[in-house]
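> starting from these lines, generate the structure:
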Amino acid sequence: MKTLHDKVTVITGAGSGIGRSLAVQAAQHGALLAISDVNDAGLAETVDLVKAAGARELRSDRLDVADRAAIEAYAADVAEQFGRVNVVVNNAGVALAGDFADLDPDDVDWIFDINFWGVWHGTRAFLPHLIASGDGHVVNLSSLFGLISMPGQSAYNATKYAVRGFTEALREEMLIAGHPVGVTCVHPGGIKTGIARNARVSAREDQSATAEFFDKKLARMTPDKAAETIWRGVRRNQARVLVGVDAHAVHHFGKLTGSRYQDIVARVSKVAMPGKKVV
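Numbering: from 1, shown residues only. Take a look at the predicted model:
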């Protein structure tokens, strides 16, 4: 896929952050768009921005990617309306902070339902349409934390490693079968979005301190710049897209140190990360 012009492009989690920027830039490049989010207000703002960007055709829906039946119905409706689907970006995602022993099982189910099963079911529902299009592409959002693991992020790490493993296997299967579908796994570093402020945390985590640590120490790149990097990777049919200097640095750090990175990360995190609450 060399261009987004005239390509029917589906983007989940388009109500803010990277998803919104992906949608606006796709519209600027002539894509026909189907965007969704669970946040009605945020989605409405994205709709206005996408229209202002010159969207040729636009569909917007409230969609909970954790609902498999809803995703399956949505995929059928989008394909019927547009007649085809060329690109699916499984972008919707959430965060959960807290040490493994402190996490509530319901919160763990919540993050897996969105971050992993949302990607799995979204890909599964749209894949037949992508194959039938003759020029399809799957874009799945993993993370910097799908390259190395971080303390206090065990559930988030697990979902993003799962997305990475699934996406890389899917790409291999598309190559073996000779299907006309590119597959890209995206690993953003610290992007200036609201994911940390909207995250769930364990009882021992300080929500505001955790969000402030991410926003001030880790979030370096704007969503617009991240979206530019992602779309460039899609046009080049890259298997893996690293977004941001931090993602590249962490990728090479992990390769250089092997499993020893865990000891280094533990030592640094012990002094750098916000402290725990006493409960």
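
> and the strands in the stretch 101-250 of the chain, which stretches?
For the stretch 101-250 of the chain, applying DSSP state E, counting those that start in this stretch gives strands covering 136-141, 181-188, 200-201, 240-243.

> and residue 191, what pLDDT?
The model reports residue 191 with a pLDDT of 89.

> quick check: residue 173 vs residue 50, distance?
Going from residue 173 to residue 50 by C-beta to C-beta, to the nearest Å gives 32 Å. For the C-beta atoms, the positions are set from N, CA and C on the backbone; glycine is no exception.

> with neighbour numbers in mind, choose between those two.
A direct count of neighbours by other C-beta atoms under 10 Å for residue 173 and residue 50 places residue 50 higher, at 24 against 12.

> just checking, the more buried one touches residue 29?
No. Between residue 50 and residue 29 there is no contact, the gap being 11.9 Å when judged by C-beta atoms under 8 Å.

> redo the strands of the stretch 101-250 of the chain as a markdown table? Include mean neighbour count.
Shown next, in a markdown table, are the strands of the stretch 101-250 of the chain (neighbours: other C-beta atoms under 10 Å):
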| stretch | mean neighbour count |
| --- | --- |
| strand 136-141 | 25 |
| strand 181-188 | 25 |
| strand 200-201 | 21 |
| strand 240-243 | 22 |
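
> including distance to residue 209 and mean pLDDT, could those strands go into TSV?
Shown next, in TSV, are the strands of the stretch 101-250 of the chain (distance: least, C-beta to C-beta, whole Å; pLDDT from 0 to 100):
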stretch	distance to residue 209	mean pLDDT
strand 136-141	26	98
strand 181-188	22	98
strand 200-201	10	92
strand 240-243	25	97
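
> so for residue 71, which of those sits nearest?
strand 136-141 (14.0 Å; C-beta to C-beta).

> who are the packing partners of the closest one?
Secondary-structure packing of strand 136-141 (3 or more C-beta pairs under 8 Å, 6 or more residues apart in numbering; DSSP states H and E): strand 87-90, helix 117-133, helix 154-177, strand 181-188, helix 223-235.

> what about dumping the CA coordinates of the shortest one to PDB?
Looking back up the chat, that one is strand 87-90. Only the C-alpha atoms of strand 87-90 are listed here, as PDB (Å, rounded to 0.1, in the frame of the first residue of the first chain):
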ATOM      1  CA  VAL A  87      -6.900  -0.500   6.300                       C
ATOM      2  CA  VAL A  88      -7.700  -1.400   9.900                       C
ATOM      3  CA  VAL A  89      -5.900   0.400  12.700                       C
ATOM      4  CA  ASN A  90      -6.500  -1.300  16.100                       C
END
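
> for it, name the packing helices and strands.
Under the contact criterion of 3+ C-beta pairs under 8 Å, 6+ apart, strand 87-90 touches strand 8-11, helix 17-28, helix 117-133, strand 136-141.

> pick the most deeply packed of the ones you listed.
strand 8-11 (a mean of 27; mean count of other C-beta atoms under 10 Å).

> in CSV: the strands of the stretch 101-250 of the chain, plus distance to residue 78.
Output for these, formatted as CSV (distance: least, C-beta to C-beta, whole Å):
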stretch, distance to residue 78
strand 136-141, 13
strand 181-188, 16
strand 200-201, 30
strand 240-243, 24
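
> compare those strands and give me the one nearest residue 98.
The closest of those to residue 98 is strand 200-201. By C-beta to C-beta, the value is 5.6 Å.

> what lines up beside the closest one in the sheet?
In the sheet, strand 200-201 lines up against strand 96-97 (parallel) (DSSP bridges).
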